[in-house]
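> Structure for the following, please:
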Amino acid sequence: MATPPVDISQVVQIAAQAAQAAAQAATALQRFADRRDAGGKFSEAGKVVRQPDPYGTDDVEQDIARWTEFYDNFRAWLFYADKEYEVSLDHLENKLQLQLTCLQWMLVNKNVQSSFIPF
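Predicted coordinates:
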């Protein structure tokens, strides 16, 4: 049984939604950190490493263009505040990379059964 054709716009939309979710998580994490310890390590990190600007707009092209800057600032700020996050975030990124690799493989090999979902 052949799989239905893959709509690239849906793949881009899913990637944009994932980026938006990451931005929302970063914002929530900042709010939590600010409430938990107003004078703590996240506040200190913001004095040493520029805290990332809010991310996510209605303009997908703008979001894609700003992703690398946001990503680098977020990681630097987060890891300065608490080195423990580095291991967790690296683990999540490696898992995501595996999922993206599988998705790319599925896009290339469109004859794969649609029930094959590696993640």
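> What separation do you get for Asp53 and Ala22?
14 Å (CB to CB, to the nearest Å). Placement of C-beta: from N, CA and C, glycine included.
> Those two: which has the busier surroundings?
Applying other CB atoms under 10 Å to Asp53 and Ala22 shows that Ala22 carries more neighbours, namely 18 against 11.
> Would you mark the buried spots in the helix or strand hosting the more buried one?
In the assignment (DSSP states H and E), Ala22 maps to helix 8-36. Using 16 or more other CB atoms under 10 Å as the burial criterion, the residues of helix 8-36 that qualify are Ala15, Ala16, Ala19, Ala22, Ala23, Ala26, Gln30, Ala33.
> With pLDDT added, can I get the residues you listed in TSV?
Output for those, formatted as TSV (pLDDT from 0 to 100):
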residue	pLDDT
Ala15	78
Ala16	78
Ala19	80
Ala22	81
Ala23	80
Ala26	81
Gln30	77
Ala33	66
